[in-house]
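Engineer: quick one, what's the 3D model for this:
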Amino acid sequence: DVQLQASGGGLVQAGGSLRLSCAASGITFDDYAIGWFRQAPGKGREGVACISSKDGRVFYAPSAKGRFTISTDSATNMVYLQMNSLKPEDTAVYYCNTVPAIYSYWGQGTQVTVSS
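Structural biologist: Numbers count the residues shown, from 1 in each chain. A predicted model of the protein is given here:
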């Protein structure tokens, strides 16, 4: 079974930082790009950042550029999202998935709450 489990969320004040982790099992990283997505209350799910472990290419949504950094460790099948200068509008449940996303791979996500 494929599992992509996000963790590392929490409550942080505006301007603070968090590092999210995505533990992947059942897939080979080199076969996929892996992305971080988020869903804020009352809004649809949106892509935040993605990375191709095969060639190292990264992509950031405009809202994440300059503040978030995605990285991967293919040896351990982990993907990380370092989030700095967090804003209240970053409050959401964060998920990791392949890119493009595969429906059955969505996990529980991890809650990030940024207080003002």
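Engineer: so where do the strands sit in the protein?
Structural biologist: In the chain, the strands defined using DSSP state E lie at 3-7, 10-13, 18-25, 33-39, 45-52, 58-60, 68-73, 78-83, 92-99, 110-115.
Engineer: do you know how far Gln39 is from Ser52?
Structural biologist: Between Gln39 and Ser52 the distance is 23 Å, computed by Cβ to Cβ, to the nearest Å. In this view, the C-beta of every residue, glycine as well, is placed from N, C-alpha and C.
Engineer: okay, these two: which has more neighbours?
Structural biologist: Higher neighbour count among Gln39 and Ser52: Ser52, with 17 against 14, using other Cβ atoms under 10 Å.
Engineer: could you give the bridge partners of the more buried one?
Structural biologist: Ala33 (DSSP bridges).
Engineer: hmm, back to that, just put the strands of the chain in a markdown table and tack on mean pLDDT.
Structural biologist: A markdown table is the format used below for those (pLDDT from 0 to 100):
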| stretch | mean pLDDT |
| --- | --- |
| strand 3-7 | 95 |
| strand 10-13 | 98 |
| strand 18-25 | 95 |
| strand 33-39 | 96 |
| strand 45-52 | 96 |
| strand 58-60 | 97 |
| strand 68-73 | 94 |
| strand 78-83 | 96 |
| strand 92-99 | 96 |
| strand 110-115 | 98 |
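Engineer: list phi and psi for the closest residue to Val112 other than its chain neighbours.
Structural biologist: Excluding the flanking residues, the one nearest Val112 by Cβ to Cβ, 6 or more residues apart in numbering is Gly9, at 4.5 Å. Backbone geometry at Gly9, expressed as degrees, to the nearest 10, gives phi -70, psi 180.
Engineer: brilliant, that's me finished.
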